[in-house]
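# model this:
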Amino acid sequence: MGTASTMACILAALGLMPLKGASAAAVSATRIRIAEETGGIAVRCAEKQIKPQEILSRESFINAITILQAIGGSTNAVVHLMAIINRHPAIAGTITLETFDEIGRRTPLLVDLKPSGENYMTDFHNAGGMPALLHTLKPLLHLDAKTVTGQSLGELLEQTRYVPLPVDSPAQVIKPLTNPLYPASSLVVVKGNIAPQGAVMKASASKDRRLLKHRGRAVVFANSADLAERIDSADLEVDKDSVLILQGIGPVGNPGMPEAGMIPIPRKLAMEGVSDMLRISDGRMSGTAGGTIVLHVSPESADPESVFGVVRNGDMVDFDLEKRSLKIDVSDEELARRMQERKGQIEGEESKSEAGMAPWAARKKMRGYRGLYMRSVNQAEEGADFDFLTAAGPA
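Prediction:
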């Protein structure tokens, strides 16, 4: 379930596209029919001056988050949804990362697709796609939410024809509510001194469930270049219980917040058969990637106020999925000392040229679009969006 397919399913749940459009293969004739239907809807919306904000409600977003949890969708969807939510004047502030976690606790994972399961998007489509999934999830959905067709989600669902597969069919990839692929909380939100504003994890994609409660020593990489240089070194001090930490790939630290959070298993451990480790970063990863990986740590490491930015090799990391806890076993006093020291280093860089500065300091001197982005982008838990485009405006 890659990010593009995830967002297509979410748009269908939001009521902004034809339900069958979420899963049809790009090369299928179904796409032509969906394109024609979409064109007709677009014309009607233009004629009636219907705007997205008039369709979208808090209930629409609750439906979308429910679908995200039920499909085991991409963690990138959390960032995208928070950006949209925080631009909506009537909804901004009413849905937070905690909302995603609350919905996850009552929503089972039903769709058996990689990386949480074994199948592919075409299998989901052939099993009925979004109409079949929405019918299965009816007890958890707000069926009175509006859609772009002018009908409620419930009305649109009733008139959308599809051929459901028998529950026991070998081609059936949509599980019933009574027998889910994963009981609840496919995507979870964790907090602690490393991530006081939150971090996101696709728990259902963990390859070694023992790691969902884990304590290990940090092996820290300062950025993606440092990772590339050292991850496969025979001299890297790491074992299977270590926690791999990748800093410097957040919205400001590596502008654009790249999909670099899929930290590879160190070569010497992979050669021993290690297939999964607890990994933590302030960046993103592809929706098709699996593993026990915590992402979107906020505030990101580039921020001088970030505890994540002062994690050091050898620090003990405690992770407990059930408690939604992620922290390092370092005293508050020591963390404060480290952050003060780091602030001094960053402030001392202001006399350097822009090229030699850390991103947080360099953004003060940057011009053009890059400078605008670096100074205005908000953190992952708010959507990594321009702060001046949010409903609340810049702080």
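
# quick one: the strands in the stretch 101-250 of the chain?
With DSSP state E, counting those that start in this stretch applied, the stretch 101-250 of the chain shows strands at 187-190, 199-202, 213-221, 243-246, listed in chain order.

# send the alpha carbons of the second one over as PDB?
Taking Å, rounded to 0.1, in the frame of the first residue of the first chain, the C-alpha atoms of strand 199-202 are listed here in PDB:
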ATOM      1  CA  ALA A 199       6.100  10.400  16.200                       C
ATOM      2  CA  VAL A 200       4.300   7.900  13.900                       C
ATOM      3  CA  MET A 201       4.800   4.200  13.300                       C
ATOM      4  CA  LYS A 202       3.100   1.500  11.100                       C
END
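
# Take the strands of the stretch 101-250 of the chain and write them to a markdown table, including distance to S152.
Bear in mind the C-beta positions are built from the backbone N, C-alpha and C, glycine included. Shown next, in a markdown table, are those (distance: least, CB to CB, whole Å):
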| stretch | distance to S152 |
| --- | --- |
| strand 187-190 | 27 |
| strand 199-202 | 30 |
| strand 213-221 | 42 |
| strand 243-246 | 44 |
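
# a markdown table please, covering the ones you listed and showing mean pLDDT and mean neighbour count.
Listed next are the strands of the stretch 101-250 of the chain as a markdown table, based on pLDDT from 0 to 100; neighbours: other CB atoms under 10 Å:
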| stretch | mean pLDDT | mean neighbour count |
| --- | --- | --- |
| strand 187-190 | 98 | 24 |
| strand 199-202 | 98 | 27 |
| strand 213-221 | 98 | 18 |
| strand 243-246 | 98 | 26 |
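
# and of those, who's closest to M316?
The stretch from these with the least distance to M316 (CB to CB) is strand 213-221; that distance is 6.1 Å.

# which helices and strands does the closest one pack with?
strand 243-246, strand 316-320 (3 or more CB pairs under 8 Å, 6 or more residues apart in numbering; DSSP states H and E).

# Among the ones you listed, which comes closest to W360?
Judging the helices and strands packed on strand 213-221 by CB to CB, what sits closest to W360 is strand 243-246, at 17.3 Å.

# neighbouring strands for the closest one, and are they parallel or not?
Looking at strand 243-246 with DSSP bridges, its paired strands and their directions are strand 213-221 (parallel), strand 279-281 (parallel).

# Identify the residues contacting whichever helix or strand comes after the last one?
Right, the one you point to is strand 279-281. Towards the C-terminus, the helix or strand next in line after strand 279-281, according to DSSP states H and E, is strand 293-295. The list of residues contacting strand 293-295 from outside it, by CB atoms under 8 Å, 6 or more residues apart in numbering, reads 75, 190, 195, 199-202, 205, 261-263, 278-285, 319, 326.

# Could you rerun that using 7 Å?
Contacts made with strand 293-295 from outside it, assessed by CB atoms under 7 Å, 6 or more residues apart in numbering, are listed as 75, 190, 199-201, 261-262, 279-281, 283-285, 326.

# now stretch 132-150
15-16, 19, 41, 45, 55, 57, 59-60, 62-63, 66, 70, 107, 110-111, 152-154, 156-157, 162, 164, 174, 176-177.

# Please apply the same query to stretch 282-289.
Stretch 282-289 is contacted by residues 1-3, 6, 73-76, 114-115, 246-247, 249-250, 253-254, 257-262, 293, 295-297, 300-301, 308 when judged by CB under 7 Å, 6+ apart.

# pLDDT (mean, whole number) over the helix or strand N63 falls within?
Element membership of N63, judged by DSSP H and E, is helix 58-71. Per-residue confidence for helix 58-71 averages out to 98 on the pLDDT scale.

# do the same with stretch 151-162
What stretch 151-162 shows for mean pLDDT is 93.

# Nearest to T99 among the strands of the stretch 101-250 of the chain would be which one?
Nearest to T99, of all those, is strand 187-190, at 9.0 Å by CB to CB.

# What is the closest one packed up against?
Applying 3 or more CB pairs under 7 Å, 6 or more residues apart in numbering; DSSP states H and E, one finds that strand 187-190 contacts helix 97-105, strand 199-202.

# Tell me the buried residues in stretch 143-155?
Burial within stretch 143-155, assessed by neighbour count using 16 or more other CB atoms under 10 Å, is assigned to L143, A145, K146, T147, V148, T149, S152, L153.

# Next, format those as a markdown table and append distance to A336.
Written out in a markdown table, the entries for these read as follows (distance: CB to CB, whole Å):
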| residue | distance to A336 |
| --- | --- |
| L143 | 50 |
| A145 | 46 |
| K146 | 49 |
| T147 | 51 |
| V148 | 51 |
| T149 | 55 |
| S152 | 53 |
| L153 | 49 |
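
# Mind picking the one among those residues that's closest to F124?
Nearest to F124 among the buried residues of stretch 143-155 is L153, at 19.1 Å by CB to CB.

# The closest one - nearest residue in space that isn't next to it in sequence?
With sequence-adjacent residues excluded and distances taken as CB to CB, 6 or more residues apart in numbering, L153 is closest to A145, at 4.8 Å.
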